[in-house]
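A.B. asks: Would you be able to build a 3D model of this:
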Amino acid sequence: TATVVELVREIASLNFFEGKKPAILRGNHHCRKAAIVNMFTKKTNLVDTLVAFLQYDAEVGVTGVSLEAEKKNPAINKYQEELKYRREYLDQMRINTITILAELMYFDKDFKYRFFGNYCSGTVKAIVGLRQSFILDVMRTVGSARLRIELNGMMIKSGFFHGRGEEAEVIEELAIVEFDGACRLLVLTGERYFLSKNTIPLELQTLSDAQMDRLTPSQWSYFTSLEAFSYEDVRGIYTSHGDQMFAITTVHRPTMIFSHMVLGVVSRCVGVFARYCRDDLDEPLLDRPRELRFGIDEDEKEDVNFFDAAFRSMPFVKQKKRCTVICQTIARYGFLNGSMNRRMLFWIRQQNQDYLLECEYDLRHWRPTDNFMDGFPNKFYSPGYILDLKSVTGFEFSDSSDPFITLKCNEKGRVVQRQIQFACDAAREIWRREIRKYIIADQQHWSSSGVQRKVENVSDWKIHKFI
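C.D. replies: Numbers count the residues shown, from 1 in each chain. The predicted structure follows:
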């Protein structure tokens, strides 16, 4: 799936003709559209590949293996410690499939109308794996793809981007990220990276294809007013588990920390930085270890990832010492029907005890390059309520456009319901899989009814009909 994504992105950025006249721009767009459409409609192998992606997502269990494999070997559900931080291949495939669908929908309107028409007509009801939240992610990604492609054309036409024709500067990734307490547009090309000079308003932070049609010139100015930076000034790229946060250090500014809640966006941005920010041996400047004292033991010095240092500096984690992070996600969290606040959630395990740790975080509070005298990692996270998962009596997954998990809890004899609202379908599915593993490990205390939705096999013809 990653190869198909790269191929589609490469075709979508080609400039076949040189010039800035409207007719030249329309000609380039027409050629890109024809290339993308023909790639999927003239070559049946690619159509079958896309169908296989969706069918696999529909047929697999939440553990990331096929139902047949589960039946033959129940032990395959056992959690593997060495994979605790890595998104399983199914999660990455789902994210890549959304990207492919979005790019195809932008260039082929007939495919887009047919896809959503079949969804609305009820054909999708036979396809369990295509959840409402999955479809919403596709719609959102179509808007992002259109923003990238149209902004690229506007920047070339205005002369802001370097080169012309095949040598023109091309946007490889863009994302609306949280940076210094505000939402800004991050644009990554093959030559430079950019940040919008102005904060992106709330109504422009998530754009669908239909909303892109209604953008006014004044609204476009939020995206076209950019400040340029050089990749050569970058001295380090640092990633956080959970695929929602990363940081770079530069010669002019100690640290720039970025956050984006939808999975897949941060990893793609990090990939572009790693491609162009390299050392004298042509190795990427990615997660380079450096000596950092972080206050767990004043006599101890240890090479550690900056974000790991912040996590390990929290008092509760220091008390538990050898604990394992099962899931880590930025999501909205709160009581059912109450206010939902953005929090960093850690599901941690210490021996046979599981806890849900709620944390506030502030991207301005801590800089990875701060030395021991100037800053401490424990300023990054502000721990809040700690939920012992033994008090959870039920998990509820609703098939809605917003991916939720409801936790039914018995806290000191009082029944309460807490809710986690994820930013995307893929993030919720990761937690669904880990919750299922948690339940399977202690089956005698759990009833399967209402906890796990049954996933049924889907025939080839139903998938083909849907596409």
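A.B. asks: okay, CA-based contacts and neighbour counts for the rest of this
C.D. replies: Will do.
A.B. asks: Where does Gly271 fall, secondary structure wise?
C.D. replies: helix 265-276 (DSSP states H and E).
A.B. asks: Quick check: buried residues in that helix?
C.D. replies: Judged by neighbour count (16 or more other C-alpha atoms under 10 Å), helix 265-276 contains these buried residues: Val265, Val266, Ser267, Arg268, Cys269, Val270, Val272, Phe273, Ala274, Arg275, Tyr276.
A.B. asks: is it true that Glu396 touches Pro403?
C.D. replies: No - with contact defined as C-alpha atoms under 8 Å, Glu396 and Pro403 do not form a contacting pair (11.1 Å).
A.B. asks: More neighbours: those two, which one.
C.D. replies: Using other C-alpha atoms under 10 Å as the criterion, Glu396 and Pro403 rank with Pro403 on top: 23 against 16.
A.B. asks: So what sits opposite Gly334 in the bridge?
C.D. replies: Gln419 (DSSP bridges).
A.B. asks: Likewise for Tyr355?
C.D. replies: Using DSSP bridges, the bridge partners assigned to Tyr355 are Ile348, Asp388.
A.B. asks: residues contacting it?
C.D. replies: Under the criterion of C-alpha atoms under 8 Å, 6 or more residues apart in numbering, the neighbours of Tyr355 are Trp347, Ile348, Arg349, Ile386, Leu387, Asp388, Leu389.
A.B. asks: Recalculate using a threshold of 10 Å.
C.D. replies: Val325, Ile326, Phe346, Trp347, Ile348, Arg349, Ile386, Leu387, Asp388, Leu389, Lys390, Ser391 (C-alpha atoms under 10 Å, 6 or more residues apart in numbering).
A.B. asks: so the second one is in which element?
C.D. replies: Taking DSSP H and E as the definition, Ile326 sits inside strand 324-335.
A.B. asks: Quick one: mean pLDDT for that strand?
C.D. replies: The predicted model assigns strand 324-335 a mean pLDDT of 90.
A.B. asks: For it, name the packing helices and strands.
C.D. replies: Packed against strand 324-335 by the contact rule (3 or more C-alpha pairs under 10 Å, 6 or more residues apart in numbering; DSSP states H and E) you find strand 341-350, strand 353-361, strand 404-411, strand 414-421, helix 425-440.
A.B. asks: Kindly recompute the last result at 7 Å.
C.D. replies: Using 3 or more C-alpha pairs under 7 Å, 6 or more residues apart in numbering; DSSP states H and E as the contact criterion, the neighbours of strand 324-335 among helices and strands are strand 341-350, strand 414-421.
A.B. asks: and the angle for the last one with strand 341-350?
C.D. replies: It refers to strand 414-421. With axes from the mean of the first three to the mean of the last three C-alpha atoms, to 10 degrees applied, the angle from strand 414-421 to strand 341-350 works out at 110 degrees.
A.B. asks: Send over strand 414-421 as CSV, restricted to the C-alpha atoms.
C.D. replies: Once non-C-alpha atoms are left out, strand 414-421 reads as follows in CSV (Å, rounded to 0.1, in the frame of the first residue of the first chain):
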residue,chain,number,x,y,z
ARG,A,414,-21.0,4.5,41.8
VAL,A,415,-21.6,3.7,38.2
VAL,A,416,-20.1,6.2,35.8
GLN,A,417,-19.4,6.2,32.1
ARG,A,418,-16.3,7.8,30.6
GLN,A,419,-15.9,8.3,26.9
ILE,A,420,-12.9,8.6,24.6
GLN,A,421,-13.4,10.4,21.3
